[in-house]
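>>> Attaching a predicted model along with its sequence, questions to come.
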Amino acid sequence: MAMEKRVTEFYDEALQPLSATSELKKAKAMDHFRKFLFKNQDFQFSTREQSKLFSTVEAYFSQFDRNGSTPADQQQQRRVTSLPLIEDALKVPCFPTKHKQKMLKWYYELLGTGADATSHAPAAASAPAAAGLQPSEADAEDGWVWDDDAQEMIFIKPK
């Protein structure tokens, strides 16, 4: 019951409107929430609590990073960003896949890559030819090649 109360407190605090005077206070609350997530990452949150935790991350993202200005304006004006919170939220196992996919989209949006969560496959599987790797005769049969630079086996799709 105590954990549910703390989650609700973080949720309520994140939903309070952001004003110019409370930006620093809101940033400290976001950092405190980030630390809470890290410390309690192994706790088995209920579905309701998971939804509130996700909504809290979404509220901070909306307040600090979605203010309707252009990306260039945001870089010049913004001192506080939700990027560290989103990075840490992606690392903890307390969020379901659906929530993590949405946070991954926000993460790439903040980085400015324009990519989405489903388009990131392992680069080694798709770009061995670009790395200058040529499969040997024995490896060509199964598609696995040793990459000396990366010190790992990578898969090349057989022709």
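Structure's in. What do you need?
>>> Extract the residue ranges of this protein that are flagged as low pLDDT.
Per-residue confidence for the chain (pLDDT under 70) gives these ranges: 1, 20-21, 67-78, 113-148, 150-155, 157-159.
>>> Try it again at 80.
Flagging of the chain using pLDDT under 80 yields the residue ranges 1, 18-22, 67-79, 113-159.
>>> need the helices for it, in chain order.
Secondary structure of the chain (DSSP state H): helices located at 2-15, 23-39, 47-65, 71-77, 83-91, 97-111, 123-126, 137-142.
>>> would JSON lines of those with distance to residue 156 and mean neighbour count be doable?
Using the backbone N, CA and C atoms, a C-beta is placed for each residue, glycine as well. What follows is the helices of the chain, written out as JSON lines (distance: least, CB to CB, whole Å; neighbours: other CB atoms under 10 Å):
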{"stretch": "helix 2-15", "distance to residue 156": "47", "mean neighbour count": "15"}
{"stretch": "helix 23-39", "distance to residue 156": "39", "mean neighbour count": "16"}
{"stretch": "helix 47-65", "distance to residue 156": "39", "mean neighbour count": "19"}
{"stretch": "helix 71-77", "distance to residue 156": "37", "mean neighbour count": "11"}
{"stretch": "helix 83-91", "distance to residue 156": "30", "mean neighbour count": "17"}
{"stretch": "helix 97-111", "distance to residue 156": "27", "mean neighbour count": "16"}
{"stretch": "helix 123-126", "distance to residue 156": "8", "mean neighbour count": "14"}
{"stretch": "helix 137-142", "distance to residue 156": "8", "mean neighbour count": "11"}
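>>> Out of those helices, which is closest to residue 149?
When those are compared for distance to residue 149 using CB to CB, the nearest one is helix 123-126, at 10.7 Å.
>>> who's in contact with the closest residue to residue 110 other than its chain neighbours?
The shortest distance from residue 110 to any residue that is not its chain neighbour, by CB to CB, 6 or more residues apart in numbering, is 4.9 Å, and that residue is residue 83. The contact partners of residue 83, taken as CB atoms under 8 Å, 6 or more residues apart in numbering, are 65, 107, 110-111.
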